[in-house]
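Visitor: missing the sequence, but the structure's below:
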């Protein structure tokens, strides 16, 4: 797979579902419903900052402070990682690398969605759709950040402060980390959706290992992964929260666009429970 923006890959996966031959009219209606939900939730996610309150901005400030704090020790963390390479570590971290890749996480969402359609299992279908939503929304934000900041990856030797704004080449697309975003988007969506503590611990352990792998491979600074993880986690949780609110409402089975736009859902007004 080329290094084309992951969001295009995710969008292709989602839209491909509508091209599957419908077994009956009901299947086509389900796909139409999910596309409507995808578009409505996307509108809510990307316009949410306009309705954020003090608590939302506090959370943004916490993420910014954590990212800034990580930036201050970026060089030290990289030096420690390079000085403490362990034989065999890259082999087991390769699993975490795959977990954070767009190919694996996107395929997981697409296969889950397709399985729900084929076996007429609503919970599975909706879970697959939410995985794709989380990956696509967070992937768009991630890719915009990469292109805006143009931060040099550690292996270039340019240092932590090398920002080449609006650059679009791989060596200058470090900030934020795409692997961290994808892995935490996947983990946060599944963790909140399933609601099982041991499973959540397993998922977030995989995501943490993904962060370690990106630093160990000298592909990202610590601060890249901190911001990337925050983007993925908050988007994933917000997507599931919107679905929970939809399922709890009396109009849960009315197509969102047909029912009219609902109020904006603040992106960071979520309860994070691992």
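Guide: Sure thing, it's come through. Everything numeric in this text was worked out from a predicted model, so none of it was measured.
Visitor: low-confidence ranges in this structure?
Guide: Applying pLDDT under 70 to the chain picks out residues 1-25, 250-274.
Visitor: again, only this time at 90
Guide: Along the chain, the model assigns pLDDT under 90 to residues 1-33, 85-95, 101-105, 107, 117-118, 120, 167-168, 246-274.
Visitor: in it, which spans are strands?
Guide: Taking DSSP state E as the test, none of the chain falls into strands.
Visitor: relative to residue 45, how far out is residue 205?
Guide: Note on residue 205: its distance to residue 45, by C-beta to C-beta, to the nearest Å, is 27 Å. All C-beta spots, glycine's among them, are computed from the backbone N, C-alpha and C.
Visitor: the more surrounded of these two?
Guide: Of the pair residue 205 and residue 45, residue 45 is the one with more neighbours under other C-beta atoms under 10 Å, namely 23 against 12.
Visitor: ok, the nearest residue to that one once chain neighbours are set aside - contacts?
Guide: Spatial nearest neighbour of residue 45, chain neighbours left out: residue 137 (5.2 Å); criterion: C-beta to C-beta, 6 or more residues apart in numbering. If a contact means C-beta atoms under 8 Å, 6 or more residues apart in numbering, then residue 137 has 41-42, 45-46, 235, 239 as its contacts.
Visitor: most neighbours, which of those residues?
Guide: residue 239 (33 neighbours).
Visitor: quick check: it touching residue 133?
Guide: Yes - taking contact to mean C-beta atoms under 8 Å, the distance of 4.9 Å between residue 239 and residue 133 places them in contact.
Visitor: common neighbours of the two, please.
Guide: With contacts taken as C-beta under 8 Å, 6+ apart, the residues that reach both residue 239 and residue 133 are residue 41.
Visitor: next, count neighbours for residue 193.
Guide: Using other C-beta under 10 Å, the number of residues around residue 193 comes to 18.
Visitor: tell me how far it lies from residue 167.
Guide: The gap separating residue 193 from residue 167 is 37 Å, by C-beta to C-beta.
Visitor: from residue 40, how far out is the nearest residue to residue 41 once chain neighbours are set aside?
Guide: Nearest in space to residue 41, with sequence neighbours left out and distances taken as C-beta to C-beta, 6+ apart, is residue 242 at 5.5 Å. Residue 242 sits at a distance of 9 Å from residue 40 (criterion: C-beta to C-beta).
Visitor: could you pull up the contacting residues of residue 64?
Guide: Listed by C-beta under 8 Å, 6+ apart, the contact set of residue 64 is empty.
Visitor: and with 10 Å instead?
Guide: Applying C-beta atoms under 10 Å, 6 or more residues apart in numbering to residue 64 gives the contacts 227, 230.
Visitor: can you tell me how far it sits from residue 73?
Guide: Distance, residue 64 to residue 73, using C-beta to C-beta: 16 Å.
Visitor: then residue 35?
Guide: Looking at residue 35 against residue 73, where the rule is C-beta to C-beta, the gap reads 44 Å.
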